[in-house]
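Trainee: with the sequence up front, the predicted model follows.
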Amino acid sequence: MITQCPIQPNKNFTYRFNVIGQEGTLWWHAHVGFLRATIHGALIIRPRSGRNSYPFPRPDKEIPIVIGEWWDVDLVHLETRVENKIYEDWPRSPTINGMLGDLSNCSGVTENNYILNVERGKTYLLRIVNAAVHEEYNLNIAGHKFTVVAVDANYVKPYTTDTIVTASGETVDALLIADAPPGRYYMVAQAVQSPEPSPQIPVLISRGVVYYNYNQSKRSDDDGTPIVAPELPDQHDATPSFYFRGNLTSLLPQPVPLNVDEHLLIAIDVGDICLYEGSPNCMVSKLNNISFELPTRTSLLQAHYNNNMSRSISMLQELPSILPMVEFGHSPKSKATIVRRVRHNTVVEIVFQNPYSSDLISNTNPMHLHGHDFFILGQGLGRYDMVKDVQAYNLVDPPARNTALVPIYGWMAIRFVANNPGVWFLHCHMEKHVSSGMALELVVENGHTLEMTLPPPPEDYPSCDDQNSRVSDE
């Protein structure tokens with residue numbers, strides 16, 4: 001457990017938080033194993049002064065587009081398999097707003113498409129959420145372009161593109177102008193897949209329909225006119241994702257702190273821990289060769305508040321300050337509840353490094369930090385060069401996000417001010433990766449004022465007394 005123990009059956013807990021200074025699309029989800037595959041939703045924050053104050057032309061309508069995944073298996077059973085280090089399950093299909101689409105055929109019946117009804121000449125703000133448990137998705141609409149205006153509830157300079165690419169956990173706000181000839185156009189979500197030697201899975205693809213002047217009183221969405229299909233990127237081509245992210249810059253740039261207090265280089269990898277457990281199913285994920293282990297009896301936040309983390313958490317280990325030698329393809333050296341402590345208002349820079357040799361397995365990894373936004377300073381392919389690559393950092397108008405997709409065979413650099421006291425999860429948003437250890441804890445110490453101090457737990461804080469409590473990774 002990180003911030004709390006899970007809410008037990010027939011119990012409830014009220015979350016109280018403020019959204020001061022935030023506008024745009026975020027989302028909420030369960031943080032117990034694979035339950036977030038179905039327990040999730042969009043969280044939309046509009047300008048306090050009304051919709052006319054958007055920093056872009058006011059849309060005629062706002063529409064959430066949630067990309068999810070359908071798992072043809074009980075999610076509790078799936079979680080049990082993952083706890084036993086069995087990672088052979090994959091989703092049956094992606095979904096668009098809960099609909100499988102006409103490429104799925106269940107029991108001999110073609111599934112229905114999600115229908116986006118539009119009127120020619122009108123503008124629609126699509127609030128796109130990738131709620132998938134694992135995959136990064138390309139989103140295309142035949143005959144149309146998107147204008148991206150925000151990511152992770154942070155405005156960006158308007159950017160026009162045929163393809164929107166979202167990794168698990170990310171959100172994108174984009175304007176869609178209905179300027180095509182009246183008709184029907186496929187909206188397609190297709191998963192991006194790492195090439196070999198990564199394990200190969202069936203193509204994950206779902207379709208909806210953008211329908212001009214759809215008559216909702218009809219029983220069928222098939223009026224006999226052909227549906228135009230978009231040209232899709234190759235499922236193994238990571239180039240659209242790399243350039244999509246590289247073209248994002250902040251619309252309202254905030255000053256980037258120039259003096260860095262803490263430099264962290266974090267190597268991302270998967271490994272084999274059979275030497276430790278003797279199990280035939282023993283893949284683990286790791287950061288700096290350490291696989292994260294969740295505490296099972298006391299939440300880290302509670303232990304930190306009570307100032308007894310070292311006594312309460314049996315496998316606690318501090319992330320070393322010295323930059324590590326980046327090694328890939330080796331078994332992890334340890335399993336631990338790994339933490340990194342920083343003082344309040346510390347400026348932290350993290351460089352995430354994926355395996356960069358083509359003979360090793362490398363994936364795109366969406367690294368998500370709770371409790372903070374951060375600046376994305378740069379990304380690149382190959383091995384990070386701390387002398388050369390820093391010269392290309394964007395220190396003028398970098399996008400601010402809460403999730404950074406580390407490119408396959410490449411690196412990503414972020415920087416932020418640790419000004420939110422507490423214990424914050426830094427983890428890959430692919431559930432198989434976070435469940436198998438691709439995570440660590442950032443512990444931000446209290447500042448010098450009450451506003452900079454971690455508040456006491458609420459009265460209805462979920463108890464960890466139940467011996468049968470399921471372990472939360474939140």
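Mentor: In hand now; what should we look at?

Trainee: can you show me the helices along the stretch 51-200 of the chain?
Mentor: For the stretch 51-200 of the chain, the helices defined by DSSP state H, counting those that start in this stretch cover 75-83.

Trainee: all strands for it, in order.
Mentor: Using DSSP state E, counting those that start in this stretch, the strands found in the stretch 51-200 of the chain span residues 61-70, 93-96, 105-106, 109-110, 115-118, 123-130, 136-141, 146-151, 154-161, 164-166, 171-177, 184-192.

Trainee: repeat for the stretch 301-450 of the chain
Mentor: Remark: strands assigned in the stretch 301-450 of the chain by DSSP E, counting those that start in this stretch are 316-318, 334-342, 346-353, 365-369, 374-381, 400-401, 403-406, 410-418, 422-428, 439-444.

Trainee: what angle do strand 422-428 and the third one make with each other?
Mentor: So that's strand 346-353. 20 degrees (axes from the mean of the first three to the mean of the last three CA atoms, to 10 degrees).

Trainee: to Gln379, which of the strands of the stretch 51-200 of the chain lies closest?
Mentor: When these are compared by CB to CB, strand 164-166 sits nearest Gln379, at 13.0 Å. C-beta coordinates here come from the backbone N, C-alpha and C atoms, glycine included.

Trainee: which helix or strand contains Arg245?
Mentor: Element membership of Arg245 [criterion: DSSP states H and E] is helix 239-246.

Trainee: and the next helix or strand along the chain from that helix, what's buried?
Mentor: Per DSSP H and E, helix 239-246 leads on to strand 262-272 as the next helix or strand towards the C-terminus. Going by neighbour count (16 or more other CB atoms under 10 Å), the buried part of strand 262-272 is 264-271.

Trainee: can I get the residues you listed in CSV with distance to Ser198 and pLDDT?
Mentor: Formatted as CSV, the buried residues of strand 262-272 follow (distance: CB to CB, whole Å; pLDDT from 0 to 100):
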residue, distance to Ser198, pLDDT
Leu264, 26, 93
Leu265, 23, 93
Ile266, 20, 93
Ala267, 17, 91
Ile268, 14, 92
Asp269, 13, 89
Val270, 10, 83
Gly271, 14, 71
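
Trainee: mind putting those into JSON lines with distance to Asp173?
Mentor: JSON lines is the format used below for the buried residues of strand 262-272 (distance: CB to CB, whole Å):
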{"residue": "Leu264", "distance to Asp173": "30"}
{"residue": "Leu265", "distance to Asp173": "32"}
{"residue": "Ile266", "distance to Asp173": "29"}
{"residue": "Ala267", "distance to Asp173": "33"}
{"residue": "Ile268", "distance to Asp173": "28"}
{"residue": "Asp269", "distance to Asp173": "33"}
{"residue": "Val270", "distance to Asp173": "33"}
{"residue": "Gly271", "distance to Asp173": "37"}
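
Trainee: which residues touch the residue of the chain positioned farthest from its centre?
Mentor: Largest separation from the mean C-alpha position in the chain: Gly224, at 38.8 Å (CA atoms, centre = their mean). Neighbour list for Gly224: empty [criterion: CB atoms under 8 Å, 6 or more residues apart in numbering].

Trainee: dump the strands of the stretch 301-450 of the chain into CSV; add distance to Ile115 as well.
Mentor: Listed next are the strands of the stretch 301-450 of the chain as CSV, based on distance: least, CB to CB, whole Å:
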stretch, distance to Ile115
strand 316-318, 51
strand 334-342, 46
strand 346-353, 39
strand 365-369, 29
strand 374-381, 35
strand 400-401, 31
strand 403-406, 29
strand 410-418, 37
strand 422-428, 34
strand 439-444, 39
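
Trainee: which one of these lies closest to Ala153?
Mentor: Here strand 400-401 is closest among the strands of the stretch 301-450 of the chain (CB to CB), at 9.0 Å.

Trainee: Asn113 touches Tyr214, doesn't it?
Mentor: No. Asn113 lies out of contact with Tyr214 (CB atoms under 8 Å); the separation is 11.0 Å.

Trainee: out of these two, which sits in the busier spot?
Mentor: Between Asn113 and Tyr214, counting by other CB atoms under 10 Å, Asn113 is the more crowded of the two (24 against 17).

Trainee: could you check how far the more buried one is from Tyr356?
Mentor: 40 Å (CB to CB, to the nearest Å).

Trainee: Met367 too?
Mentor: Distance of Met367 to Tyr356, given as CB to CB: 16 Å.

Trainee: more crowded one of the two?
Mentor: Just comparing Met367 and Tyr356: by other CB under 10 Å the higher neighbour count belongs to Met367, 26 against 18.

Trainee: how near is the residue nearest to the more buried one when sequence neighbours are not counted to Arg340?
Mentor: Spatial nearest neighbour of Met367, excluding adjacent residues (CB to CB, 6 or more residues apart in numbering): Ala404 at 5.1 Å. Separation of Ala404 from Arg340 (CB to CB): 16 Å.
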